[in-house]
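1. just to be clear, the model below is a prediction. Sequence and coordinates:
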Amino acid sequence: THIMNIKRVIFTVMVLGCLTCAWAQPGGGGRRGGNFDPKEIVLREKENVIAKVDSLSEDQLLLLDGIYEEYATSFEELRDEARRTRNFREMRPKMQALREEKDLLIKDVLNENQYETYLALMENQRDRRRRGVQQRRDSVNQQPNN
């Protein structure tokens, strides 16, 4: 059954890559996008997961590498599509779907305790992002008008 799970994870990672192309839809409008490197963001997340999740086996590390590699590629494709179409509002639900798919793949790789640690890490990461966004909004609102 372990081999079947590994095959299912690998198959799902491949399907995820194909779905990313299908998600790309032309659109218009939108706000200005920031400059960010998806591969760097994903690498930091992966390194954090590997450092904080206990007792990862070699098989788990290999599968996590594959999941995060595909996630980084898909993330970058979504960012590039949003830049091309200038439709950044469409990126949010696509990114959420991509993250949910990544979480499901990782759930198949980790045991229950490891996955609980992973979810706590992801929630902590989301909270930090929200605080950063709020701090940037607050600093913009405090600037005097010219």
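-> Structure's in. What do you need?
2. quick one, helices of this structure?
-> Secondary structure of the chain by DSSP state H: the helices cover 2-23, 38-52, 58-85, 91-109, 112-142.
3. any idea how far K46 lies from R89?
-> According to Cβ to Cβ, to the nearest Å, K46 stands 28 Å off from R89. Where you see a C-beta, it was placed from the backbone N, CA and C, and this is true even at glycine.
4. equivalent analysis for K52, please.
-> From K52 to R89 the distance is 33 Å (Cβ to Cβ).
5. of the helices of the chain, which shows the lowest average pLDDT?
-> Lowest mean pLDDT of those: helix 2-23, a mean of 60.
6. how close does the one residue sitting closest to the centre of the chain get to P93?
-> For the chain, the residue sitting closest to the mean C-alpha position, by Cα atoms, centre = their mean, is R99 at 4.6 Å. Per Cβ to Cβ, R99 is found 11 Å from P93.
7. what residues are up against the residue nearest to I41 when sequence neighbours are not counted?
-> Excluding its sequence neighbours, the residue lying closest to I41 (Cβ to Cβ, 6 or more residues apart in numbering) is F75, at 7.4 Å. Listed by Cβ atoms under 8 Å, 6 or more residues apart in numbering, the contact partners of F75 are 38-39, 41-42, 95, 98.
8. list buried residues within those residues.
-> For the contacts of F75, a burial check counting by 16 or more other Cβ atoms under 10 Å picks out 38, 42, 95, 98.
9. tell me which two of the residues you listed sit farthest apart.
-> V42 and M95 (11.9 Å; Cβ to Cβ).
10. turn the contacts of F75 into a markdown table, columns for distance to L63.
-> As requested, those are exported to a markdown table (distance: Cβ to Cβ, whole Å):
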| residue | distance to L63 |
| --- | --- |
| P38 | 20 |
| K39 | 19 |
| I41 | 20 |
| V42 | 15 |
| M95 | 22 |
| L98 | 18 |
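11. and of those, the nearest to Q114?
-> Nearest to Q114 out of the contacts of F75 is V42 (Cβ to Cβ; 19.0 Å).
12. ok, so what distance separates that closest one from E112?
-> The spacing between V42 and E112, counted by Cβ to Cβ, is 24 Å.
13. neighbour count winner among K46 and R89?
-> For K46 versus R89, neighbours defined as other Cβ atoms under 10 Å are more numerous around K46 (17 against 11).
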